[in-house]
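Trainee: this one's structure only:
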Ligand code: C5P
């Protein structure tokens, strides 16, 4: 039986960095939300393990170059849509998730396909979402309940955002971002994601944090607390990728915008809109700048 599992984009509606930790990570307070679109993981029974990557961002993963920017809109239009590549099994969170799952549960050989639609190294959880979707798909494939606590343990070893992506629901994240409390979401709100075509390293952005704790995320309903909060990684990310400035300025000035902010460690920015028409207008302006966009909604 083929199992298809969505790996939706993760958005940090707010992200407060509170302190550096001895383990090289930072304690955060963050409001996680999810889009209704993203990558897709497919798992099928097979005679031996395999891993393939398809989709518009397959090339960015199969031929990675640390300083290479993500594909721009024009470059992607030139790239064959069905670009198909053999994934690098040593350097992908999907195969690491598969191997960690197999170390904990009985898993026969599987063919895994990642259909990659989200830009890599871009603050919307692409790799974490893919790893989490792989764990969910393999759990389904082996009749392992999603409530099995070892899944969360594996998720934590794969990355700080992977538990949030495994959980897949709007949540307050504390600690490294992996201690989660479910909160009421804003389902159906029109959401636009915009990336100026620049890949930034999460570790480098965190390293640029100024060390100043500007306080917790305030209480209230989700939209008001997100509006009253910040993304403390915007400043160091903008220093590394100045193109973020223009994206944020354009989104903040868009008619009908409820909130415009960078997600995670960037460089993807998001905006929430009052109406789909407002979102559509903002998308046209972003695409006129040759930026990558995803028109979606909050889950
Ligand atoms: O856990 P993950 O591999 O996604 O984190 C990538 C890098 O981001 C870490 O090595 C660390 O430098 C930084 N990070 C951090 N504090 C967090 C999450 C990530 O410093 N809470």
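Mentor: Arrived safely. As the structure is a computational prediction, the values presented were derived from the model and not from experiment.
Trainee: Quick one: mean pLDDT for the helix or strand hosting residue 279?
Mentor: In this structure, residue 279 sits in helix 276-288 according to DSSP states H and E. For helix 276-288, the mean per-residue pLDDT is 98.
Trainee: What are the buried residues along that helix?
Mentor: By 16 or more other CB atoms under 10 Å, the buried positions in helix 276-288 come out as 278, 279, 281, 282, 283, 286. For every residue, glycine as well, the C-beta is placed using N, CA and C.
Trainee: any chance of the residues you listed in JSON lines, plus distance to the ligand?
Mentor: Formatted as JSON lines, the buried residues of helix 276-288 follow (distance: CB to the nearest ligand atom, whole Å):
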{"residue": "278", "distance to the ligand": "32"}
{"residue": "279", "distance to the ligand": "29"}
{"residue": "281", "distance to the ligand": "34"}
{"residue": "282", "distance to the ligand": "29"}
{"residue": "283", "distance to the ligand": "28"}
{"residue": "286", "distance to the ligand": "26"}
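Trainee: biggest separation within those residues, which pair?
Mentor: The distance between the two most remote of the buried residues of helix 276-288 (CB to CB) is 12.8 Å, for 278 and 286.
Trainee: what does this structure put close to the ligand?
Mentor: Neighbours of the ligand within the chain, by CB under 6 Å from any ligand atom: 24, 25, 26, 28, 159, 160, 161, 176, 177, 202, 203, 206.
Trainee: Among these, which ones are in strands?
Mentor: 26, 28 (DSSP state E).
Trainee: Which one of the residues of the chain next to the ligand sits in the busiest neighbourhood?
Mentor: residue 161 (28 neighbours; other CB atoms under 10 Å).
Trainee: which residues touch that residue?
Mentor: 10, 125, 128, 177, 178, 264 (CB atoms under 8 Å, 6 or more residues apart in numbering).
Trainee: hang on, residue 293 packs against residue 284?
Mentor: No. With contacts counted by CB atoms under 8 Å, residue 293 stays clear of residue 284, the gap being 9.3 Å.
Trainee: Give me the pLDDT value at residue 63.
Mentor: 68.
Trainee: actually residue 1, sorry about that
Mentor: 89.
Trainee: now do the one 10 residues further on
Mentor: Model confidence at residue 11, expressed as pLDDT, equals 98.
Trainee: Any idea how many residues pack against it?
Mentor: 28.
Trainee: now the one 3 residues further on
Mentor: By other CB under 10 Å, the residues close to residue 14 number 25.
Trainee: And the strands in this protein?
Mentor: 3-20, 26-45, 50-54, 84-86, 110-115, 171-175, 179-182, 190-195, 257-262, 269-273, 292-297.
Trainee: Just name the closest of the contacts of residue 161 to the ligand, please.
Mentor: For the contacts of residue 161, the minimum distance to the ligand (CB to the nearest ligand atom) is 4.9 Å, reached by residue 177.
Trainee: Need phi/psi at that closest one.
Mentor: phi 110, psi 0 (degrees, to the nearest 10).
Trainee: Begin at 809 from now on, thanks
Mentor: Taking 809 as the first residue, the last one we looked at is residue 985.
Trainee: Please tell me I have it right and it contacts residue 968.
Mentor: Yes. Between residue 985 and residue 968 there is a contact under CB under 8 Å: 4.7 Å.
Trainee: Stretch 1031-1045: end-to-end distance?
Mentor: Using CA to CA, to the nearest Å, one end of stretch 1031-1045 lies 24 Å from the other.
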